[in-house]
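Asker: Test case, fold it:
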Amino acid sequence: MTKIHMLSVPPTDDEVDAWWAVQVAAHAADAAALPGLPPPARVEAAGRLRVEPARGRLRHWVTEDGDGHAALLLFTEPGNTHTAFLEELTVRPDARRHGVGTALWQRIREELREQGRTSVATIADTGGPGQAFAESLGFENVLPIGWYVQEVPQAAPEVPDTPGYELLTWPGLVPDAWAQATAVAHAAMEDAPSGDSDEQFLTWTPERVRAAQQLVLDRGGEITVVAAVTPAGEVAAYTVLVLPDPQGTRALQYDTVVVPAHRGHGLGRAVKLRMLGEAAARHPGLRRIATTVADENAPMRAVNEALGYRHERDAGLFQLKL
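Answerer: I've put the predicted structure just below:
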């Protein structure tokens, strides 16, 4: 029988190293299918294990022999206390198909019942072991998504003029003077596809904007925002770039938002091109930027394609009703 226990809070350096070692081993076994995906970084593993997000509580479990681990986020924010997100369930390649993943899942399900959760979601690549395992447990793909990657150019790309809008760059936290306008702009994400996800979209406030950005920094990463602003003090569009590992070669494009009233002016393309230039200048070791887009979000896929993003792999938001 597989014995499972929770990590120390906060986890020790040895526990972080053991967790990271499982991630590295799993990546090495699956690398042939994802040749462009760099191995996991210890700084990201340590940050995720040691720093909780403001929107929930994390639970971390490991098997006694170190063959596998799991991370579960229990939402605590109003409107989402009925659901949870499975951040990770990873098993060493040489221990797969020996019941380790099933044992971890049984412990997760027990926690979900104890916490009164009626659903849980996770993201997994399609066509691989993650999807197969999730579907064997009853998960359904409620939002097909794709991963897209773009090479970082050596020279800054030309950014089109944006008459009536100024492009601003904010490394780190959004300035206090723009936090409220950024929170208002984020509301435009409400019309982004979410499939049949049980997670509810909550109103963003300046405090929530800062908390989300501070989380990246506290976990050891770097964050940059490029925004198109109006003379009236509105944030008409913005995009966010995150480096979970500041020394890594791959960054993540987080939210890209264009407020409905300002669509049709090429702002999405403009902020992304400016961000490309910022990335090349600020992070000379950066080679690729990756992002996810829902399959049904045709406008954003078109913008990305025009900017040179190429499809890397398919994934999905998988959800289980308990």
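
Asker: Could I get the full set of helices for this protein?
Answerer: In the chain, the segments counted as helices under DSSP state H are 13-30, 42-50, 100-114, 129-136, 176-186, 206-218, 267-282, 298-307.

Asker: And the residue nearest the centre of this protein?
Answerer: For the chain, the residue nearest the mean C-alpha position is Y254 (7.1 Å; C-alpha atoms, centre = their mean).

Asker: H60 is in contact with L49, correct?
Answerer: Yes: with contact taken as C-beta atoms under 8 Å, L49 and H60 are classed as touching, separated by 6.3 Å. (C-beta placed from N, C-alpha, C; glycine too.)

Asker: can you list the domains in the protein?
Answerer: If you go by automatic domain parsing, the domain ranges for the chain are 4-117, 150-312.

Asker: nearest to F139, of these?
Answerer: For those, the distance to F139 is smallest for domain 4-117, at 9.1 Å, taking C-beta to C-beta.

Asker: Okay, now that closest one: how far is its last residue from its first?
Answerer: One end of domain 4-117 to the other measures 21 Å (C-alpha to C-alpha, to the nearest Å).

Asker: residues contacting L72?
Answerer: Residues in contact with L72 (C-beta atoms under 8 Å, 6 or more residues apart in numbering) are L58, R59, A84, F85, L86, E87, I108, E111, L112, V120.

Asker: in the least confident helix or strand in the chain by mean pLDDT, what counts as buried?
Answerer: When each helix and strand of the chain is scored by mean pLDDT, DSSP states H and E, helix 298-307 comes last, with a mean of 90. By 16 or more other C-beta atoms under 10 Å, the buried positions in helix 298-307 come out as M300, R301, V303, N304, L307.

Asker: just stretch 122-137 next, same as before
Answerer: For stretch 122-137, the neighbour count (16+ other C-beta under 10 Å) marks T122, I123, A124, D125, T126, P129, G130, Q131, F133, A134, L137 as buried.

Asker: Number of residues surrounding G99?
Answerer: G99 has 13 neighbours, counted by other C-beta atoms under 10 Å.

Asker: low-scoring stretches of the stretch 151-300 of the chain, by residue?
Answerer: Applying pLDDT under 70 to the stretch 151-300 of the chain flags the ranges 191-193.

Asker: need the strands for it, in chain order.
Answerer: According to DSSP state E, counting those that start in this stretch, the stretch 151-300 of the chain carries its strands in the segments 166-171, 222-229, 235-243, 250-258, 288-294.

Asker: what angle separates the last one from strand 235-243?
Answerer: This points to strand 288-294. Between strand 288-294 and strand 235-243, the angle comes out at 120 degrees (axes from the mean of the first three to the mean of the last three C-alpha atoms, to 10 degrees).

Asker: can you check the second one too?
Answerer: Angular relation of strand 222-229 and strand 235-243 on a 0 to 180 degree scale: 170 degrees, by the same axes, to 10 degrees.

Asker: May I have strand 222-229 exported as CSV, CA atoms only?
Answerer: Provided in CSV are the C-alpha atoms of strand 222-229 (Å, rounded to 0.1, in the frame of the first residue of the first chain):
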residue,chain,number,x,y,z
GLU,A,222,9.5,38.5,-12.8
ILE,A,223,6.5,40.2,-14.3
THR,A,224,6.1,43.0,-16.9
VAL,A,225,2.9,44.7,-18.1
VAL,A,226,2.5,46.7,-21.3
ALA,A,227,-0.6,48.9,-21.5
ALA,A,228,-2.3,51.1,-24.0
VAL,A,229,-3.8,54.1,-22.1
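
Asker: Which elements pack onto it?
Answerer: Under the contact definition 3 or more C-beta pairs under 8 Å, 6 or more residues apart in numbering; DSSP states H and E, strand 222-229 sits against strand 166-171, helix 176-186, helix 206-218, strand 235-243, helix 267-282.
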